[in-house]
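Asks: Kindly generate the corresponding structure for this input.
(chains A and B)
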Number of protein chains: 2
Amino acid sequence: MGKIKENIDLDQIGEFGLIRLLTENIKLKNKSSLLGVGDDAAILDMKGKKTVVTTDLLTEGIHFNLVYTPLRHLGYKAVIVNLSDIYAMNAVPTQILISLALSSKFSTEMVQELYEGIQLACSMYHVDLVGGDTSSSMTGLNISITAIGAASDDKLVYRSGAGSNEFICVTGDLGAAYMGLQILEREKHIYDKNSTSQPDLSGYEYVLERQLKPEVRASIITALDKNDIKPTSMIDISDGLTSDLLHLCDASETGCKIFADKIPIAAETRKAAEEMNLEPVTISINGGEDYELLFTSTVNNFDKLTSIPGISIIGHMTNKEEGKHLVMPDGNYLEIQSMGWNSLRGKR
Amino acid sequence: MGKIKENIDLDQIGEFGLIRLLTENIKLKNKSSLLGVGDDAAILDMKGKKTVVTTDLLTEGIHFNLVYTPLRHLGYKAVIVNLSDIYAMNAVPTQILISLALSSKFSTEMVQELYEGIQLACSMYHVDLVGGDTSSSMTGLNISITAIGAASDDKLVYRSGAGSNEFICVTGDLGAAYMGLQILEREKHIYDKNSTSQPDLSGYEYVLERQLKPEVRASIITALDKNDIKPTSMIDISDGLTSDLLHLCDASETGCKIFADKIPIAAETRKAAEEMNLEPVTISINGGEDYELLFTSTVNNFDKLTSIPGISIIGHMTNKEEGKHLVMPDGNYLEIQSMGWNSLRGKR
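Replies: Modelled structure (predicted):
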C-alpha cells in the first residue's frame, strides 16, 4: 500500500484511483491464487481440494462504533471474523474479497488505515486479497468480506458430526471480548456526559484487545492435525458459547452437559466483570465475539487433548433426550437456552 | 421459499428465524455445490476446473432507489450484476452468497419479496444460493453478493488478450438502462412536486425493464462456444461502453477505433433520448448498467460473428500509438475519454 498520508479527497481520486492506490502493492502469495484484482473476477485453482467459502457484512452502528474503534483494528477484525468461519470447517483460508461502501466523511487516508488492518490480517494468516468493490454509501461504513479456503475431503469438519458422550472442548478463554465492549461503552458514556474527561482504559488491555483486535486459533487447528485429532464437529464462537453449542447439538441431534467451573475465563475478564457487577460465567457463556473454536472429540483423545495448551474440556455431549444443561458449581442443573447475539435486534 | 404473506416483524422472528424462513426450501442443483446454507461455510468442488469469483456491494440511495424499484426486481438485478462478471471471464456461474443489512423499515414480507427476485435469478441462470449473512443496518438496505463460477483453463478470457486489428464487438443494444433511469427520475421529480399526479410510464416498457430487471447474455456465450469462437478479451459493460473499452485497451495495451453509426441502439432508447433532448449516441457510449458483453475477436471470425444474432461489430483495436477514437458519421474523430459511472462521485 502506498504511504500517502495527505488527506486526498475521495471525490477527487475517484473509484478507480482509490482501488489502484489500495491494491497496487498487493502480491499474491498462495499458489491457488492465479489472478487477483484487476479483471472482472479473480481466478483460483484449488487443485482437487474442496473450496470452502463464507461471507459477512459488517455495518457501522450495528457491528462496530467508530467512536472507539481504530480503523486499522476494524479492518483487521473484519478479516478475522471471516477467517474464523473457514478454520471452523477445519479448512485453511487462502483468499479474501472485500467490498467497502463509504460515506462522504471518509478521507482517502482513513480508507488506507482500514486497508492497512486488512492487509496486516492477510499477511498474518497468509491469505491473498484477490478482489472486491469500492463505492459510496449515503451514511456510514459497510464492509463486506468473503473468505475462501481449501481442504481435502477427509479433513472437513461439519457442525453435524458429534455423537453422545464425546468431549466438548473450547480453545482459549471466553467472555473477554464482551467485557472489552462493556468497558468501551462505559467510557463512551462518561465522555458523552462530560467531554473534558479522558477515558481510563489502563488495566483493561487484555479485554480491549480481545474486542478490538481478535485473533483466530489457527495454531490449535495445526496442533490438532499434528496430533491426529480430527474434531467430530466444530463451530467458531461468534454468537456466544451457549448459542453456538446449541447449533452443534441441533445439527448433530445430541444433548449436552457443560460445567460452569470448567469454562475458561481469563483473570482480567473476571476482574472487569466483577467490577461492573456482572457474573463472569454468565458473560462468558453468552457474550459472543470470542472467535474461539468450539469442537467435539471422542473420549479416547483425552491424553492428547489435555497435552495441547489452550484447549479446555468443558463437558460432554449426551443423548438428545437428556436435554442441554449447564451444571453449576453447587450441582444445580440449568437448562441452556440461546441468549447470544442477535444482530437483527440491534446493538447489544 | 415459504409463502407467508403476513407482515411478520423482523424483531420478532430474529436473525436465525429469518434465515430459516428464507432458505428452508433451497435445493442445490449444481454438482459442484456440496454443502449450502447451514454450517460455518459452504463447500464447493470444482473438480479440476478453475474457480472464478467476484463480489459487489449495492447500497440504497447510491445504487438503487426503493421509491421506484420493486424489491423483486432489485433482488433479481443484484444477482445479475454479479453473474455478468462471471460470464465476462467466459466462465459459467455456479453459486452465489448473499448478505443483507436491513434497516428497521423492512418487514419480513419485504425481505421475502427481495429473496423471490434473488431466487428467480438463481433459477433462470442455474445458480445455487449457498450462503450469506443477514443483519441490521442503522439506515437503508445494503446487499452484498459474491458470485462463483467455473471454467476450464483454456476457456478463460481476460481483459488483456486483445491485439490490434481485431474486431470490437458488443452484444444486444446500449443506452436503454440509462434512459430507463432518466424516465424513472423524471416521473419521481414530477411526483415529488405534485403527489396527486400518477407516473406515466407507458411506452417506456423496454427501457424501464432494461434498468429494473436486466438480463445477462448467457446465450451468446453459448453461441460463441458452439461456433468455436473464443474472444481474445472480454468485459461486461457496467460502467458504460467507453469506460469499459478503455479497460480492455489499457489491459491489452492497444488503441481502438469505434464507429458511432455502428453502435446498437434500440428504437425505444432513441425515442426516449430524443424526447428528453439527449443525444442517443452519447448516452449509449456513456450510460452504463447495460450488462452487455464487450469483446474482441480475430478478423477471420467475421462470417461466424455476423451469423450470430445479437452481436454487433462496432470497430476494431489499433496500435496503442494510434490512440482511442470514436468516428462520427461525418468522418470526424473524437478522442475517447472515460465519462462513465463513478459511484464514489455519488448518484448520477
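Asks: Please compute how far the one helix or strand residue A:169 maps to lies from its chain's middle.
Replies: Element membership of residue A:169, judged by DSSP states H and E, is strand A:167-171. In terms of Cα atoms, centre = their mean, to the nearest Å, the centre of strand A:167-171 is set 17 Å apart from its chain centre.
Asks: What average pLDDT does it get?
Replies: Across strand A:167-171, pLDDT averages out at 98.
Asks: Following that strand in sequence, what is the next regular element?
Replies: Helices and strands here follow DSSP H and E; after strand A:167-171, the next one along the chain is helix A:176-193.
Asks: show me where the stretch 201-348 of chain A has strands.
Replies: Ranges of strands within the stretch 201-348 of chain A are A:233-236, A:255-259, A:293-297, A:311-318, A:324-327, A:333-335, based on DSSP state E, counting those that start in this stretch.
Asks: what's the longest one in contact with?
Replies: If I follow you right, that is strand A:311-318. Residues from elsewhere that reach strand A:311-318 (Cβ atoms under 8 Å, 6 or more residues apart in numbering or on different chains): A:162-171, A:220, A:249, A:252, A:254-259, A:262-264, A:296, A:299, A:302, A:305-306, A:327. C-beta coordinates here come from the backbone N, C-alpha and C atoms, glycine included.
Asks: try 6 Å
Replies: Residues outside strand A:311-318 that contact it (Cβ atoms under 6 Å, 6 or more residues apart in numbering or on different chains): A:162, A:164, A:166-171, A:254-259, A:262-264, A:296, A:305.
Asks: Quick check: which helices or strands does the strand holding residue A:169 pack against?
Replies: strand A:293-297, strand A:311-318 (3 or more Cβ pairs under 6 Å, 6 or more residues apart in numbering or on different chains; DSSP states H and E).
Asks: Go through these and name the closest to residue B:82.
Replies: strand A:293-297 (31.3 Å; Cβ to Cβ).
Asks: Let's check: the centremost residue of chain A is which one?
Replies: Among the residues of chain A, the one closest to the centroid is residue A:81, at 3.3 Å (Cα atoms, centre = their mean).
Asks: you'd agree it is up against residue A:54?
Replies: No. With contacts counted by Cβ atoms under 6 Å, residue A:81 stays clear of residue A:54, the gap being 9.5 Å.
Asks: who in the stretch 151-300 of chain A is up against chain B?
Replies: Within the stretch 151-300 of chain A, the residues that sit near chain B (Cβ under 6 Å from any Cβ of the partner chain) are A:158, A:159.
Asks: So which residues of the stretch 151-300 of chain A form helices?
Replies: Along the stretch 151-300 of chain A, counting by DSSP state H, counting those that start in this stretch, helices occupy A:176-193, A:205-212, A:218-226, A:241-252, A:267-275, A:280-286.
Asks: Kindly report the same for the stretch 1-150 of chain A.
Replies: Under DSSP H, counting those that start in this stretch, the stretch 1-150 of chain A gives helices at A:10-23, A:71-87, A:108-124.
Asks: now, of these, which is deepest in the fold?
Replies: Greatest average neighbour count among these goes to helix A:71-87 (a mean of 25), per mean count of other Cβ atoms under 10 Å in any protein chain shown.
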